[in-house]
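[1] Structure here, sequence nowhere to be found:
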């Protein structure tokens with residue numbers, strides 16, 4: 001009898017433990033929408049993350065600024081029962097956050113709110129997703145802000161350099177314009193009708209992926225999903241677009257006579273995140289150019305006796321076309337030397353990899369991952385990105401397990417198999433001195449890079 005009681009107590013403790021442990025499951029809402037529920041016990045906040053597929057960036061018959069203006073205008077421009085501009089105040093009153101973020105392949109939606117305000121938050125979001133007013137005054141205001149931001153960005157040498165690389169890689173393919181937003185007539189020619197067309201084609205009851213996270217049961221979560229998507233059209237999502245990038249190594253100097261600084265960058269492709277190896281990549285990028293203890297920082301400071309650093313990072317053009325980059329400001333007279341020093345440092349890094357204890361490098365990432373479930377929005381967003389990469393539901397709860405598999409051996413294998421050699425980069429310098437990089441293809445506008 002005593003043994004039976006102990007067994008019963010053990011079972012009850014196990015059930016209680018399971019009830020308080022985060023979990024993730026694939027679910028179907030009452031209206032038939034597939035979604036993932038990440039159950040996070042004890043949280044008051046609920047976060048819904050949605051990805052709607054879009055082919056807008058791959059088309060030549062549309063204005064590529066529409067997704068950027070539209071993502072702001074849908075929520076700011078009012079809807080039936082909601083005056084233009086009111087949503088910000090309404091969301092603030094209930095401590096809710098909502099926004100849309102356009103990428104080349106998807107429009108990402110984030111709606112996060114306290115659980116007690118679930119009904120009101122979903123009502124506001126649904127009204128604006130379903131039938132936004134697209135108020136003309138707000139359209140003009142948002143268009144002008146986006147246009148001004150892009151104009152200001154093009155005064156920065158680093159931005160101009162990356163624009164030039166996109167011309168070199170994509171040429172006249174529309175994806176390039178969707179990434180750079182530099183068509184001279186783009187903002188003058190766009191109308192609210194363009195935004196309306198984009199809205200009508202993009203938002204539907206059939207998102208590519210949808211995640212809801214919080215302390216919710218599946219019945220409540222499913223009803224919330226249906227309330228968010230209520231009365232949206234039943235459109236079929238377009239397939240992901242395709243492009244033909246050209247990453248042929250080139251050395252380019254963009255001559256800007258009045259540039260105040262010289263910028264030097266290196267760009268090359270690496271495998272998409274859906275293929276794995278992402279944690280090795282993060283550790284590699286941090287060790288290479290992630291701070292004042294990194295290889296590139298030390299190389300530039302020591303080799304050039306410079307007071308500035310140099311950075312490395314990872315980014316996406318599209319979900320299929322990912323890149324690594326090294327970039328930073330360089331003293332104009334030392335540009336050619338800097339190219340040699342940086343490439344030599346990178347070549348040496350390929351051979352030996354990160355120095356020091358790999359476990360120590362993993363520890364900071366592990367600490368952050370261990371706390372991920374404390375942040376409902378971050379957990380839901382991480383799960384959404386995993387879903388878009390084709391991983392099974394619940395991967396975002398197991399990232400620390402993936403990180404634990406990273407080792408000196410896996411990093412060495414990753415450097416050998418996935419990272420470019422020092423000869424495989426596109427090199428782009430932006431400088432007031434057109435002779436600062438001997439042998440480079442010298443251009444005077446970013447679009448000239450297509451001919452290098």
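    Thanks, I have it. Because the structure is a prediction, the values reported are computed rather than measured.
[2] gap between the closest residue to residue 320 other than its chain neighbours and residue 154?
    Of all residues not flanking residue 320 in the chain, residue 272 sits nearest, at 5.3 Å (C-beta to C-beta, 6 or more residues apart in numbering). All C-beta atoms are positioned from the backbone trio N, CA, C, and that covers glycine. For residue 272, the distance to residue 154 equals 29 Å [C-beta to C-beta, to the nearest Å].
[3] try residue 267
    From residue 267 to residue 154 the distance is 18 Å (C-beta to C-beta).
[4] Give me the distance between the residue nearest to residue 320 and residue 314.
    Taken as C-beta to C-beta, the span from residue 272 to residue 314 is 11 Å.
[5] any idea where the helices of the stretch 351-452 of the chain begin and end?
    358-370, 376-388, 399-404, 408-418 (DSSP state H, counting those that start in this stretch).
[6] Take those helices and lay them out in CSV including distance to residue 228.
    Below are the helices of the stretch 351-452 of the chain laid out as CSV (distance: least, C-beta to C-beta, whole Å):
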stretch, distance to residue 228
helix 358-370, 28
helix 376-388, 13
helix 399-404, 26
helix 408-418, 38
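[7] and for residue 272 and residue 314, which residues touch both?
    residue 322 (C-beta atoms under 8 Å, 6 or more residues apart in numbering).
[8] Contact partners for residue 198?
    56, 62, 66-67, 70.
[9] mind checking pLDDT for it?
    At residue 198, the pLDDT value in this model is 97.
[10] which one is it nearest to, not counting chain neighbours?
    residue 66 (4.2 Å).
[11] what's around the one you found, how many residues?
    26 (other C-beta atoms under 10 Å).
[12] Same question for residue 186.
    Neighbours of residue 186 (other C-beta under 10 Å): 20.
[13] try residue 103
    Residue 103: 17 neighbours (other C-beta under 10 Å).
[14] Equivalent analysis for residue 380, please.
    28.
[15] Isn't it up against residue 216?
    No. With contacts defined as C-beta atoms under 8 Å, residue 380 does not count as touching residue 216, sitting 11.6 Å away.
[16] What separation is there between residue 164 and residue 443?
    In terms of C-beta to C-beta, residue 164 sits 7 Å off from residue 443.
[17] make that residue 37, sorry
    Taking C-beta to C-beta, one finds residue 37 at 52 Å from residue 443.
[18] List the residue ranges of the stretch 151-300 of the chain that fall below the pLDDT cut-off.
    The stretch 151-300 of the chain contains no residues with pLDDT under 70.
[19] what are the ranges of the strands in the stretch 101-250 of the chain?
    Ranges of strands in the stretch 101-250 of the chain, per DSSP state E, counting those that start in this stretch, are 106-114, 209-214.
[20] got the phi/psi numbers for the residue nearest to residue 320?
    phi -60, psi 150 (degrees, to the nearest 10).
[21] residue contacts, residue 298?
    By C-beta under 8 Å, 6+ apart, the neighbours of residue 298 are residue 345.
[22] Are we agreed that it is in a helix?
    Yes. Under DSSP: H, G, I helix; E, B strand; the rest coil, residue 298 falls within a helix.
[23] Run a quick neighbour tally on the residue nearest to residue 320.
    With other C-beta under 10 Å as criterion, residue 272 counts 16.
[24] circling back to that earlier point, okay, the strands of the stretch 101-250 of the chain in TSV with distance to residue 144 and mean neighbour count next?
    Below are the strands of the stretch 101-250 of the chain laid out as TSV (distance: least, C-beta to C-beta, whole Å; neighbours: other C-beta atoms under 10 Å):
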stretch	distance to residue 144	mean neighbour count
strand 106-114	22	22
strand 209-214	33	27
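[25] closest to residue 451 out of the ones you listed?
    strand 106-114 (32.5 Å; C-beta to C-beta).
[26] helices or strands up against that closest one?
    strand 45-53, strand 97-102, helix 118-130, helix 376-388 (3 or more C-beta pairs under 8 Å, 6 or more residues apart in numbering; DSSP states H and E).
[27] Tell me both backbone torsions, phi and psi, for residue 265.
    phi -130, psi 150.
[28] For residue 237, see how far away it is.
    35 Å.
[29] These two: which has the busier surroundings?
    Per other C-beta under 10 Å, whichever of residue 265 and residue 237 has more neighbours is residue 265, with 24 against 16.
[30] follow-up on the earlier one: okay, the strands of the stretch 101-250 of the chain in CSV with distance to residue 281 next?
    Formatted as CSV, these follow (distance: least, C-beta to C-beta, whole Å):
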stretch, distance to residue 281
strand 106-114, 21
strand 209-214, 22
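[31] looking at the ones you listed, which is closest to residue 261?
    Between these, strand 106-114 lies closest to residue 261; by C-beta to C-beta that is 33.4 Å.
[32] What angle do strand 209-214 and that closest one make with each other?
    Inter-element angle recorded for strand 106-114 and strand 209-214: 20 degrees (by axes from the mean of the first three to the mean of the last three C-alpha atoms, to 10 degrees).
[33] Strand partners (parallel or antiparallel) of strand 106-114?
    strand 45-53 (antiparallel), strand 97-102 (antiparallel) (DSSP bridges).
[34] what is the orientation angle of the shortest one with helix 376-388?
    This points to strand 97-102. Using the same axes, to 10 degrees: strand 97-102 against helix 376-388 is 30 degrees.
[35] Now do the strands in the stretch 251-400 of the chain.
    Using DSSP E, counting those that start in this stretch, strands in the stretch 251-400 of the chain cover 251-255, 262-270, 311-316, 322-330.
[36] can I get those in TSV with distance to residue 206?
    Below are the strands of the stretch 251-400 of the chain laid out as TSV (distance: least, C-beta to C-beta, whole Å):
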stretch	distance to residue 206
strand 251-255	42
strand 262-270	31
strand 311-316	23
strand 322-330	26
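[37] and of these, who's closest to residue 81?
    strand 311-316 (37.6 Å).
[38] what's next to the helix or strand encompassing residue 73, contact-wise?
    Under the criterion of DSSP states H and E, residue 73 resides in helix 66-76. With contacts defined as C-beta under 8 Å, 6+ apart, helix 66-76 is touched by 54, 56-57, 84-85, 87-88, 98-102, 107, 128-129, 132, 134-135, 138-139, 142-143, 146, 178, 181, 190, 192, 194-195, 197-199, 202.
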